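Chemist: pasting the sequence and the predicted coordinates here, then a few questions.
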Amino acid sequence: MTNLTEPYIDALLGQMTLNEKIGQLNQYNGSDRLDTDLIRQGKAGSLLNADGPLTGQGQSDSGSAEQRNYYQRIALESRLKIPLIFGRDVIHGYRTVFPIPLGQAAAFNPGLTEQAAAVAAKEASADGFKWAFSPMIDIARDPRWGRVAEGSGEDPYLASILAASAVRGMQGDDMAQPDRIVACAKHFVGYGAAEGGRDYEGGEISEPTLRDIYLPPYESAVKAGVGTIMSAFIDLNGTPVTAERRLLTGVLRGEWGFEGFVVSDWASVAELVQHGVAEDRARAAALALHAGVDMDMVSKAYLETLAASVRTGSVPVEEIDEAVRRILRIKQRAGLFDRPFTDPTRYTTEVLTPESRQIARQFARESMVLLKNRNDILPLHGFRRIMVTGNYVHARGEMFGTWSPDGRAENVTPLDQALKEAAPKDTELWFVPETDAAMKAAQRVDAVVIVLGEHPSRSGENANVSSLLLPPGQAELVDAMVNTGKPVVLVVFAGRPLAIMHQVSQVDAVLYAWHPGIEGGPALGDILFGAYSPSGRLPITFPRATGQVPIYYNHKNPGRPINSEQGFHSRYIDLQSSPLFPFGFGLGYTTFRYANLTLSSQALRGKVEVCAEVTNTGGRAGKELVQLYVRDLVGSLTRPVRELKGFQQVEIQPGETRRVSFIINEEMLAFTRGDGTKGIEPGCFHVWIAPDSSSGLRGEFEI
Ligand code: NOJ
């Protein structure tokens, strides 16, 4: 229960009937078929999407602020005139579509994450939305799961930093400002642990792993002031999270002091019946409300059952009051009581501006990861005639990736055109998407670029795969091109790490482009022709084969570790144990040497400073992502073999040496110990300053 004094909300709550209170807890999917009388009667707290007859008719062309204003006018005709809050899935941009979140994470650039989120907030709010169901901050260790595309990958430290950046970008210092919106961190919690990578399946996560791996991004979002949290669909350790009071109330509110409201995921309140923890919708509603779910997304179980449950005494009205209070609090902080409507003219000037597109281009460039570059074939130079082949040759909307309902393909420069614009004048580009034609044409060109990968619908919600190999037919295209004997550059567009071990061995260069968004084509041109030296790094481990997943860098050591002397040890008999590419890995167009690791002291007293020198040993300037890892050698519970604790992106000129330093303090080394408490344990630690999670310079200190 909150200690906040909120006279305005108290007064409002005091006037509300039970039905009006329950109305606030209810979110509808707005559409042509929505019965607007429900809004007028105060039976709606929020609309999701909120399309309707006016959508696309007004000044704003993609969804229409007028449509949202129309619903809002109806809400203000209700007895207590409580405004609606309009929510939407604004996951990686609105009209300006940025790289998918997994690609954004590869940029390791919190500032850019914040800028992009601010652009998304400005555009969505100009279209009448005051609430975005993002950031998605679920840790994912299994790329078969389609929603790996929507998060920041496998590392809790990186995900926590980016979660806070996204929240700040959307909400700003004051979410009541017209160009800011309320963020929603989702899907609390453990959603990424879906068994077998099958979306909606449950997971078993031990308490220490939950606390040290899956919860930190949420705590970070709460510290950054996130207004709302969405509960996960899944069954976690035997309790569907939507019914899990220990987490939704105990951890979120009790331990972290979260003051905002929790919304269920789509119909997940009613789905408690399918989970088998509630015999009917009334019980499901009672369980979810008691657990701490304040708003029911679309299932109507609250709307239809709570009043009767209050009357029979199975739901205390105080629980309803508390949920209403939290929702009204966020509506008030979002400024909806003072400014319920959106000025529709904003849309014509604030959406898809040249500045937003510039941020999108920079983000797309920084998200792409160069995985291989034999003989420095990239950037492309000295080739007079280059053929571009593969299913992405003419790509436009395909570059958006999952969750881009407001992006428009016609706003994307087609990939072929973008590459033509980027190529030097004396380079001839041939675009030949079909394999047979490409095989013939290959004879007459000097190099081949293959642009292939996953269609956006192959990743995202419920788009899970059982095989991480390239989609059917694509490996054959690579074989055919490699057989021509020409130098081959492979560009992969995808929503997940794919198992491309064979292709990596075949071709000269591999650039992993994810789904890069609206400026994907120009950004790719910048990289292929050398205007930008790749700086992206993998935010998730790349497996050699599907059977290797889950595979992640911050794993524990078994008693018989990988590569140990002992004959029987952790391994596959048919596959090398190491990943294809480790977390944190990525190349650029120059090289760096790490040297002279020093520690300010061999013993950590309060803090210790770790430094190393990084020299650009190549021929051009470049950005290096310098990473800090630690390992706690002995613990009351087993500890990860490495944990990321810091990173810095440094721009270094050819021949220049930069001293990079990190501070390690005790708080950074705290973990969930054997007795369940969080803290440090004395002993010896290893520390690395490293270019990725599998290499680097190592030092030691003690606590
Ligand atoms: C279900 C998804 O799991 C969630 O991420 C999304 O925000 C809601 N649907 C609303 O579309």
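Modeler: Everything's here; your move. Numbering: from 1, shown residues only.
Chemist: what residue in the protein comes nearest to the ligand?
Modeler: Nearest to the ligand, among the residues of the chain, is residue 133, at 3.5 Å (Cβ to the nearest ligand atom). (Glycine included, C-beta is placed from N, CA and C.)
Chemist: below-threshold pLDDT in the protein: ranges please.
Modeler: 1-4, 57-63 (pLDDT under 70).
Chemist: quick check: residues of it near the ligand?
Modeler: 89, 133, 186, 265-266, 461 (Cβ under 6 Å from any ligand atom).
Chemist: show me the chain divided up by domain.
Modeler: 87-348, 352-548, 592-702 (automatic domain parsing).
Chemist: pull the number of nearby residues for residue 641.
Modeler: The number of residues packed near residue 641 is 17, by other Cβ atoms under 10 Å.
Chemist: what about the helices in the stretch 351-500 of the chain?
Modeler: 354-367, 415-422, 435-442, 474-483 (DSSP state H, counting those that start in this stretch).
Chemist: for the ones you listed, state which one has the densest average packing.
Modeler: Compared across the helices of the stretch 351-500 of the chain, helix 354-367 shows the largest average neighbour count, a mean of 21 (mean count of other Cβ atoms under 10 Å).
Chemist: convert the C-alpha atoms of it to PDB, please.
Modeler: Provided in PDB are the C-alpha atoms of helix 354-367 (Å, rounded to 0.1, in the frame of the first residue of the first chain):
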ATOM      1  CA  PRO A 354      15.000  14.300 -41.300                       C
ATOM      2  CA  GLU A 355      16.500  14.400 -37.800                       C
ATOM      3  CA  SER A 356      14.600  11.200 -36.800                       C
ATOM      4  CA  ARG A 357      15.800   9.500 -40.000                       C
ATOM      5  CA  GLN A 358      19.300  10.500 -39.200                       C
ATOM      6  CA  ILE A 359      19.100   8.800 -35.800                       C
ATOM      7  CA  ALA A 360      17.600   5.800 -37.500                       C
ATOM      8  CA  ARG A 361      20.500   5.600 -40.000                       C
ATOM      9  CA  GLN A 362      23.100   6.000 -37.300                       C
ATOM     10  CA  PHE A 363      21.400   3.300 -35.200                       C
ATOM     11  CA  ALA A 364      21.200   1.000 -38.100                       C
ATOM     12  CA  ARG A 365      24.900   1.500 -38.900                       C
ATOM     13  CA  GLU A 366      25.900   0.900 -35.300                       C
ATOM     14  CA  SER A 367      23.700  -2.200 -34.900                       C
END
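Chemist: got the contact list for it?
Modeler: For helix 354-367, contacts defined as Cβ atoms under 8 Å, 6 or more residues apart in numbering pick out 93, 96-99, 103-104, 106-107, 109, 112, 115-116, 119, 122-123, 513-514, 516-520, 522-524, 526-527, 532, 534-536.
Chemist: buried subset of those, written for PyMOL?
Modeler: Those of these that count as buried under 16 or more other Cβ atoms under 10 Å are selected in PyMOL with:
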select buried, resi 93+96+97+98+99+103+104+106+107+109+112+115+116+119+122+123+513+514+516+517+518+519+520+522+523+524+526+527+532+534+535+536
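Chemist: report the contact partners of the residue nearest the centre of the chain.
Modeler: Centrality entry for the chain: nearest residue to the mean C-alpha point is residue 151, 2.4 Å, by Cα atoms, centre = their mean. Residues near residue 151 by Cβ under 8 Å, 6+ apart: 101-102, 105, 136-140, 159, 192.
Chemist: turn these into CSV, columns for neighbour count, secondary structure and distance to residue 593.
Modeler: Shown next, in CSV, are those (neighbours: other Cβ atoms under 10 Å; DSSP: H, G, I helix; E, B strand; the rest coil; distance: Cβ to Cβ, whole Å):
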residue, neighbour count, secondary structure, distance to residue 593
101, 33, helix, 32
102, 31, helix, 30
105, 27, helix, 26
136, 28, strand, 37
137, 32, coil, 35
138, 26, coil, 37
139, 28, coil, 33
140, 29, coil, 33
159, 30, helix, 30
192, 28, helix, 36
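Chemist: and which of these is nearest residue 622?
Modeler: residue 105 (20.1 Å; Cβ to Cβ).
Chemist: am I right that that closest one is in contact with residue 153?
Modeler: Yes: counting by Cβ atoms under 8 Å, residue 105 touches residue 153, with 5.1 Å between them.
Chemist: who touches both of those two?
Modeler: Common neighbours of residue 105 and residue 153 (Cβ under 8 Å, 6+ apart) are 159, 539-540.
Chemist: so what's residue 469 closest to, chain neighbours aside?
Modeler: residue 499 (5.6 Å; Cβ to Cβ, 6 or more residues apart in numbering).
Chemist: same check on residue 506?
Modeler: residue 482 (4.7 Å).
Chemist: just to revisit the earlier point, just name the most buried of the domains of the chain.
Modeler: domain 87-348 (a mean of 23).
Chemist: how long is it end to end?
Modeler: Criterion Cα to Cα, to the nearest Å; first-to-last residue distance in domain 87-348 is 21 Å.
Chemist: and the residue with the largest distance to the centre of the chain, how far from residue 593?
Modeler: Relative to the mean C-alpha coordinate of the chain, counting by Cα atoms, centre = their mean, the farthest residue is residue 312 (43.0 Å). Applying Cβ to Cβ, to the nearest Å, the value for residue 312 to residue 593 is 73 Å.
Chemist: likewise residue 36?
Modeler: In terms of Cβ to Cβ, residue 36 sits 67 Å off from residue 593.
Chemist: ok, residue 533 next?
Modeler: From residue 533 to residue 593 the distance is 17 Å (Cβ to Cβ).
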